[in-house]
Each structure stands twice: as C-alpha cells, then as structure tokens.
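In: Okay, predicted coordinates and the sequence, questions at the end:
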Amino acid sequence: MSERKDKYIDNFRKMLQQDTVSEEGNINPEKFREFHKLLKTLFPNIFEACEVMDFEGSLLLRWKGADSGAEKKLPVMFMNHMDVVSAEGDWEHEPFSGDVADGAIWGRGAVDTKCGLWAMLQAADELAAEGFVPERDIFFESACTEETFGEGAIAISRWLLDNGIRLDMSFDEGGMVMYDPIGGAKGTFAMVGVGEKGCSNIRFIARSEGGHASTPGKNTPLVRLGKFMAYVERHEVFDVEMSPTIKEMFRRIAPYMGSLGKIVGNPDKLEPVLNRVLPKFSATAGALLKTTLAFTMAKGAESSNALPTEAWVVGNMRSSHHQGERASLEAIRKIAAKFDIEIDVFDPGVESRLTDYKGEAFRLVEEATRATMPNVDEVVPYVMTGASDSRFYDGVCNQCIRFLPFTINEQQLESIHGINENMSIDALIPAVEWYRYLMKKM
Ligand SMILES: [Zn+2]
C-alpha cells in the first residue's frame, strides 16, 4: 500500500518539477519534448504499447484495441494538457519544487492539470504492464497549448477529421470533487462538466467629433459607454432559462440544501421563480442560467483635456447554450445601438454542444465515481463557465465529458492560476483507480 503511494508521489512530483509554462504566441516545442522524455521514463509500458505522435509539442498516443472487426466500436480519448500558467507571487513552496509537505504535493500544475495527466498515464501504464488490451482504440491526448490559444488541440482534432476518425467519448479536465461547491449544499459532489459556455471578446466603440474639454456638451463617448454599461448591469439583457442539465444539477443537489432544497429541487414547477431569484441570489447560479457579459478593459482620449473621438470598452461574453453566441451578440448589438455604440467582435468564440447526461459517457463516469470514490455523495452534471480544450473536439466527438477525479478543498480550488497550488496525497490512489475502471470498461 505504502509502496504504491510512494511510487505515485515520486512520479507525480517529478512531473511538477519540470517547468512547462506555455507563453502566448511563442510555442517552444523543444521545451515540451523534454517533458515527453520524462513521461516516457515514468510510464514506459504505455509508451511501448502505443503509437506516439507529436504535434508541435502536443502529444497524441494511440493504444490499438483488440477488436478490429467491422462492427468495431468508435474510439475514445482521455486528455489532460501538459502546459501550465506562469507562477508569480510569493509561494510557500517553490512552484517547481514538487515539495511534499502537510499531506500534499506542491507545485504549479498540481491541480491544473498535471494531476489528471499523471493519473491517466499511471493507470494506463499499469494496465499495459498487466497485459491488458482495450477492446477498442484508446487515444491519450496531452496538449502544450491549452493555457494559450489551443493550437495543439486544434491540430489534433483536424488530424482526426482528416483521417476519418470519429470519437465516441472523450474525458478531459473540468469539474472536480468538492464539498459544498455552490454554497449551501452540505455534501460532497462530483461536479461533472457536460459542456462549456462559449467565450468571446467584444469591443464597444463610441465615437464623436472630439473637441476641447472646456466645452463638453452632452453624451460624450465615455458618458455613453458609462450609461450603456450601467444599463447592462441593471437589466436582464440576455434570456434566462434553465436547461435540462441545470435542472438535473439542482435536483441532485437539493436533498443537501435543507429547506431551500424543497424549492430548488422542484425546477420543473418552479422554474419561473428560480430564474428570477437565482441570478440575484448568486452570480455563480446566474451564470448557469444565461449569457454573461463582463466589462474588462477601457480606453478614452489620448490626453486629459481633449474629448475622445473614439472611446471603447471591452466586454468578455460567455454565451449560454439556449442563446448561442450569434443570438447573444444580436441582443447586445441592439442595446448598444440605443446608446450610439458600435460593436466589433475581435475575438469570436468556439461554440460546443452539451453532452446528454442520460448518455453512456456520463453513466460510465457516474459508475466509475461510485465504484472508486466512496466519499462522493452525489454525481452531478453541470455546465462549465470557463473554457477547456474539449471545445475543439466538438466536431469529431459524440460525447465530451469534463471532469477530473480528484477531491479538492477550497484553498486548492483557488490555487488554480494562483499561488500555493497543491494536491492532497490522499486523492492520488482513487484517481488512478477511477481511470483504471473507465479504461477497463472501454
Ligand atoms: Zn487546465
């Protein structure tokens, strides 16, 4: 038991000790190829069993299935990115130390998402060493560009498309196992992402003839932008709707919510009330029910005594599935026009579908979680408000699941892209067991 644990700790910390920070607009494949070498020494059996492909530093492994008949099942893919964001700030343990202290392993990527990469390859390596051969083809994907522009996932999805390979299921990072993840639900939940919202950036531009600041007149560009932003904050400008997935999420969480659970647990009857109340009650709940728009950047005139001929603010929009990017843009364009504001979508998003929580992929994840993580009270489908590489596989994969089988606490959740990132040692064995369970079912 402890020998197994020691080996896991050792392999995991070696992965954390290697710097795999990815920088926007500057992919350095050689840096990641160094990391591939490490993976090969840590997991020799699965690398031996697989065909290994390299897409500018992003890895794709193909484990050939035994079944090669005409009725062959479509392949599946397990994925976890290898790159991490940079590690500034004052860390208790150096970000690339892989220190073991206080029952945890410390380092950048411990949660996002070298934990998943380690557990997935550890499980596959063990199975390969035991002589296990999957029934169908299994791919393992690890991109080195998830934290930047997703070039790796885009290239690999194109390769799959070009080679006529369609995936039945994919299992990527996403939700995790947490106690009380939404505030007020007293239980431990496996939050399984079955989709993610679209994400796009829009510039809202207000123009004028300019002029001197001594004689401003009314409705100058910055004032119009201010009125527009205040309007958006005060009004419900996007459609509020509870998707079947979010209804199911509330149904499953409700029994742990005390008296509030009686309302939340009955979304079919009470949807109109919930749609009105929930966004006011919690920003997190609101984000699950509608498109959101956050204003993040701004620019006015070049000098303090001139009126701007052009002023702008940038809005980061996360579009819901019931009101996709195009419809959400139309809604906001109409409102902007009332304030004489133009819009420019300079960074359009990638839309992706929701995976049916009643489908096989979710069922298998639920089964694996129940079998290997006894601390979990309920397995809950939800929609991620953040983005993952999975969105690039929407066109080549039938069911995309976004979940990492690790139990984390609040500090560990906040350490993602923050400081003091760490993973509990107790979370390691269940994660490997989870991947083993799923791979054997393929
Ligand atoms: Zn990540």
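Out: The structure has been received and is ready for your questions.
In: hey, let's count contacts and neighbours off CA atoms from now on
Out: Noted.
In: Assign a three-state SS to V192, would you?
Out: Put simply, V192 is strand when judged by DSSP: H, G, I helix; E, B strand; the rest coil.
In: per-residue confidence for the residue minimising distance to the centre of the chain?
Out: With distances taken as CA atoms, centre = their mean, the residue of the chain nearest its centroid is S388 (3.8 Å). With respect to pLDDT, S388 scores 94.
In: I'd assumed F171 was in contact with it.
Out: No: counting by CA atoms under 8 Å, F171 is not a contact partner of S388; they are 11.4 Å apart.
In: Walk me through which strands the longest strand anywhere in the chain pairs with, and which way each runs.
Out: Criterion DSSP state E: the longest strand present in the chain is strand 167-179. Sheet pairing of strand 167-179 (DSSP bridges) gives strand 76-79 (parallel), strand 188-196 (antiparallel), strand 397-407 (parallel).
In: ok, residues contacting the first one?
Out: Right, strand 76-79. With contacts defined as CA atoms under 8 Å, 6 or more residues apart in numbering, strand 76-79 is touched by 117, 120, 136-142, 167-173, 442.
In: One more pass at 7 Å, please.
Out: By CA atoms under 7 Å, 6 or more residues apart in numbering, the list of residues contacting strand 76-79 from outside reads 137-142, 167-172.
In: Let me know the next secondary structure element after it.
Out: Using DSSP states H and E, the helix or strand that follows strand 76-79 in sequence is strand 100-101.
In: what's the offset of that following strand from the middle of its chain?
Out: Relative to the centre of its chain, strand 100-101 is centred 27 Å away, using CA atoms, centre = their mean, to the nearest Å.
In: can you check stretch 277-289 too?
Out: On CA atoms, centre = their mean, the centre of stretch 277-289 falls 19 Å from that of its chain.
In: Equivalent analysis for stretch 28-45, please.
Out: 24 Å.
In: before we move on, what about stretch 431-441?
Out: Stretch 431-441 sits 21 Å away from the centroid of its parent chain (CA atoms, centre = their mean).
In: Name the residues of that stretch that are buried.
Out: Neighbour counts over stretch 431-441 (16 or more other CA atoms under 10 Å) mark 431-439 as buried.
In: same thing with stretch 367-387?
Out: Here stretch 367-387 shows 368-370, 372-373, 375-385, 387 as buried, counting by 16+ other CA under 10 Å.
In: check which helix or strand covers L16.
Out: helix 2-17.
In: Relative to the whole chain's centre, how far out is that helix?
Out: What separates the centre of helix 2-17 from the centre of its chain is 25 Å, taken as CA atoms, centre = their mean.
In: now the very next helix or strand once past that helix: mean pLDDT?
Out: Next in sequence after helix 2-17, counting helices and strands by DSSP H and E, comes helix 29-42. Helix 29-42 shows a mean pLDDT of 97.
In: helices or strands up against helix 29-42?
Out: Using 3 or more CA pairs under 7 Å, 6 or more residues apart in numbering; DSSP states H and E as the contact test, no helix or strand touches helix 29-42.
In: residues making contact with the helix or strand following that helix?
Out: Later in the chain than helix 29-42, the nearest helix or strand by DSSP H and E is helix 44-49. Outside helix 44-49, the residues that touch it by CA under 7 Å, 6+ apart are 40, 63, 124-125, 128-129.
In: redo that, cut-off 6 Å
Out: Outside helix 44-49, the residues that touch it by CA atoms under 6 Å, 6 or more residues apart in numbering are 125, 128-129.
In: Give me the subset of those residues that lies in helices.
Out: The helices, defined by DSSP state H, take in 125, 128-129 from the contacts of helix 44-49.
In: could these be laid out in JSON lines, adding distance to A337 and pLDDT?
Out: Shown next, in JSON lines, are the ones in helices among the contacts of helix 44-49 (distance: CA to CA, whole Å; pLDDT from 0 to 100):
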{"residue": "D125", "distance to A337": "58", "pLDDT": "98"}
{"residue": "A128", "distance to A337": "60", "pLDDT": "98"}
{"residue": "A129", "distance to A337": "63", "pLDDT": "98"}
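In: what are the phi and psi values for the residue nearest to the centre of the chain?
Out: The phi/psi pair for S388 (degrees, to the nearest 10) reads phi -140, psi 170.
In: and the gap between it and R402?
Out: The gap separating S388 from R402 is 8 Å, by CA to CA, to the nearest Å.
In: buried ones in the helix holding L16?
Out: Result for helix 2-17 [16+ other CA under 10 Å]: buried residues 8-9, 11-13, 15-17.
In: What is the burial count for D90?
Out: For D90, the count of nearby residues is 10 (other CA atoms under 10 Å).
In: try T41
Out: Applying other CA under 10 Å, I find that T41 has 11 neighbouring residues.
In: got the contact list for it?
Out: Counting by CA under 6 Å, 6+ apart, T41 touches no other residue.
In: one more time with 10 Å, if that's ok
Out: Residues in contact with T41 (CA atoms under 10 Å, 6 or more residues apart in numbering) are 11, 47.
In: isn't P272 right up against I263?
Out: No: P272 is not in contact with I263 according to CA atoms under 10 Å; the separation is 11.6 Å.
In: follow-up on the earlier one: nearest to E146, of the strands paired with strand 167-179?
Out: For these, proximity to E146 was assessed by CA to CA; strand 76-79 is nearest, at 11.1 Å.
In: got the CA positions of that closest one in CSV?
Out: Coordinates of each C-alpha in strand 76-79 appear next as CSV, following Å, rounded to 0.1, in the frame of the first residue of the first chain:
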residue,chain,number,x,y,z
VAL,A,76,-12.4,7.0,-27.1
MET,A,77,-9.9,9.6,-25.9
PHE,A,78,-8.5,10.5,-22.5
MET,A,79,-7.0,14.0,-22.3
